[in-house]
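Trainee: take this sequence and fold it.
(one chain, ligands or ions: 1)
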Amino acid sequence: MEYSLIIARYGELGLKSPKVRGRFERKLSSNIKAAFNCEIDINQARIFIFPENFDEALSKLHKIFGIVSFSPAISTYSNFDDIEKTVSKYLDKLIDEGLISSDTPFAIRCRRVGKHDFSSQELAAFAGSVVVKKLGCPVDLTNPRFEIFIEVRDNETYIFHEKIKGPGGLPLGTQGKLISLVSSGIDSPVATYLMMKRGCEIIALHFDNDPYTKPKSEEKFESIVEQLKSYSSGVPFRSRVVKYGNYLNKCKEDAPEKMTCILCKSGMYKIAGMLAKDMNALGVVDGSSVGQVASQTLPNILATRDDVEVPILSPLIGLDKVEIEKIAKKIGTYDISKEYDGGCSAVPRYPETKADIERVRNAKEDINQEELINKAFGSIIFKDSVE
Ligand SMILES: Nc1ncnc2c1ncn2[C@@H]1O[C@H](COP(=O)(O)OP(=O)(O)OP(=O)(O)O)[C@@H](O)[C@H]1O
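Mentor: Residues are numbered from 1 along each chain as shown. Model (predicted):
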């Protein structure tokens, strides 16, 4: 027995006004179509997907934001004869796959939309009797080991047993563009993913700290971008690299040693802000989390944002490292980020942990930051041609 379609469900979209929901549904539909060949029909808060290749579709749906769950299903007509034949065929498949047998307590769960000459309960009782007749397994509505779902929608009835979890969130491309500061570490890929999950298009911006970092950092950044791109079907995911070594040289030469990391981060935010304006992005994303490392004390986080003209969003700000790592593992960036890259040798032995805005402003003047960041901005390398 072959599946005839995949039924996907969305969550938050259902809470939007009809006009907004319509727009989000169209974006979701075009993102799905960009991921694999299929026909799509969206109806009554369900997405009916008819893919050319089921295996491909099932693997790709895990990476489409906006989808809360999905179920490969078989369809039939909404009358007892056809439902009986189809439930029976579906059972053969379940038995073949070892999912149900004569001692599996089971339940039929029915939902019905439209006018029919039977109620949901009557249909559940009928379909349950088909299963009992065929297998003799016990019905258990409160604590079943196996559930079969039947959804009747007007003339069509769908039968399935799985509700596979999707990534949730909002369709990518519905919330505007952001510049995301992506390093080669664990946190920033997770921060980027979380903003994509909320529907934001991303331009990844990486600072190449050569000669203070090794080429491995750049390789890791590229692999992280490839992994994040796999979640961006239907929407461009662009990336840019800034040559930052000269800027760091100046920080080390002309400002107090302990200020290096503060000036480094402040310069990153400013350049990201310039890029945001240039590319019509609405803000900047980073992977800061209060107190996680010496550079991320609250005074440091706040002082490095002084004088930045676009909003900076830090979706990890209140998360623990373990929570962040859990997401990194789930989204497939953890193993890349964990590869040893030698770190950054520009980090001073005793970095500033209680940055004071006035002293930070003085340090910025010491290095003539404005001029340096303009130069660094001019060195931005385009990593892709999609515009
Ligand atoms: N080389 C870089 N290129 C782009 N962004 C960077 C770079 N280094 C740091 N950032 C940004 O600044 C944030 C804080 O960096 P920091 O080095 O203080 O913390 P971290 O915990 O090591 O972060 P991560 O795990 O993301 O590297 C990062 O999450 C990232 O968004």
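Trainee: what about residue 252, which helix or strand?
Mentor: helix 245-254 (DSSP states H and E).
Trainee: ugh, wrong one, I meant residue 90
Mentor: helix 80-96.
Trainee: and that helix, what other elements does it pack with?
Mentor: When contacts are defined as 3 or more C-beta pairs under 8 Å, 6 or more residues apart in numbering; DSSP states H and E, helix 80-96 packs onto strand 67-77, helix 120-135, strand 146-153, strand 156-160. Glycine gets a C-beta too; all of them are placed from N, C-alpha and C.
Trainee: pick the most buried one from those.
Mentor: strand 156-160 (a mean of 22; mean count of other C-beta atoms under 10 Å).
Trainee: next helix or strand past that one?
Mentor: That would be, after strand 156-160 and using DSSP H and E, strand 164-165.
Trainee: can you name every helix or strand that that next one contacts?
Mentor: strand 67-77.
Trainee: quick one, domains of the chain?
Mentor: 5-165, 177-382 (automatic domain parsing).
Trainee: any residue of the last one touching the ligand?
Mentor: Yep, that's domain 177-382 we're talking about. Yes - counting by C-beta under 6 Å from any ligand atom, the ligand has neighbours in domain 177-382: 181-183, 185-188, 206-207, 209, 268, 286-288, 292-293, 295-296.
Trainee: so of those, which ones are in helices?
Mentor: Residues of the residues of domain 177-382 next to the ligand located in helices (DSSP state H): 187, 188, 268.
Trainee: show me which of the residues you listed is closest to residue 42.
Mentor: residue 188 (34.1 Å; C-beta to C-beta).
Trainee: got phi/psi on the closest residue to the ligand within the stretch 201-350 of the chain?
Mentor: Closest approach between the stretch 201-350 of the chain and the ligand, counting by C-beta to the nearest ligand atom: residue 287, at 2.4 Å. For residue 287, the backbone dihedrals (degrees, to the nearest 10) come out as phi -100, psi 30.
Trainee: wait, isn't it in contact with residue 194?
Mentor: No - the criterion here is C-beta atoms under 8 Å, and residue 287 misses it with residue 194 at 9.7 Å.
Trainee: so for the two, which residues contact both of them?
Mentor: Residues touching both residue 287 and residue 194 by C-beta atoms under 8 Å, 6 or more residues apart in numbering: residue 316.
Trainee: and stretch 2-17, what's buried?
Mentor: 3, 4, 5, 6, 7, 8, 9, 10, 13, 16 (16 or more other C-beta atoms under 10 Å).
Trainee: just name the lowest-scoring one in those, pLDDT-wise.
Mentor: Ranked by pLDDT, the buried residues of stretch 2-17 bottom out at residue 13 (82).
Trainee: quick one: the residue of the chain most remote from its centre from residue 158, how far?
Mentor: Ranking residues of the chain by C-alpha distance from their mean position (C-alpha atoms, centre = their mean) puts residue 133 at the top, at 44.5 Å. Distance from residue 133 to residue 158, counting by C-beta to C-beta, to the nearest Å: 22 Å.
Trainee: and the residue of the stretch 101-250 of the chain found nearest the ligand, how far is that from residue 211?
Mentor: When distances are taken as C-beta to the nearest ligand atom, the stretch 101-250 of the chain reaches nearest to the ligand at residue 185, 2.2 Å away. From residue 185 across to residue 211, the span is 19 Å (C-beta to C-beta).
Trainee: more neighbours: these two, which one.
Mentor: residue 185 (20 against 10; other C-beta atoms under 10 Å).
Trainee: residue 48 and residue 32 touch, don't they?
Mentor: No - between residue 48 and residue 32 there is no contact under C-beta under 8 Å: 11.1 Å.
Trainee: anything in contact with each of these two?
Mentor: residue 40.
Trainee: who's more crowded, those two?
Mentor: Remark: of residue 48 and residue 32, residue 32 carries more neighbours, 26 against 21, as counted by other C-beta under 10 Å.
Trainee: name the SS class of that one, please.
Mentor: helix (DSSP: H, G, I helix; E, B strand; the rest coil).
Trainee: circling back: tell me the contacts of the residue of the stretch 101-250 of the chain closest to the ligand?
Mentor: Contacts of residue 185 (C-beta under 8 Å, 6+ apart): 287, 337.
Trainee: what pLDDT does it get?
Mentor: The model's pLDDT for residue 185 equals 97.
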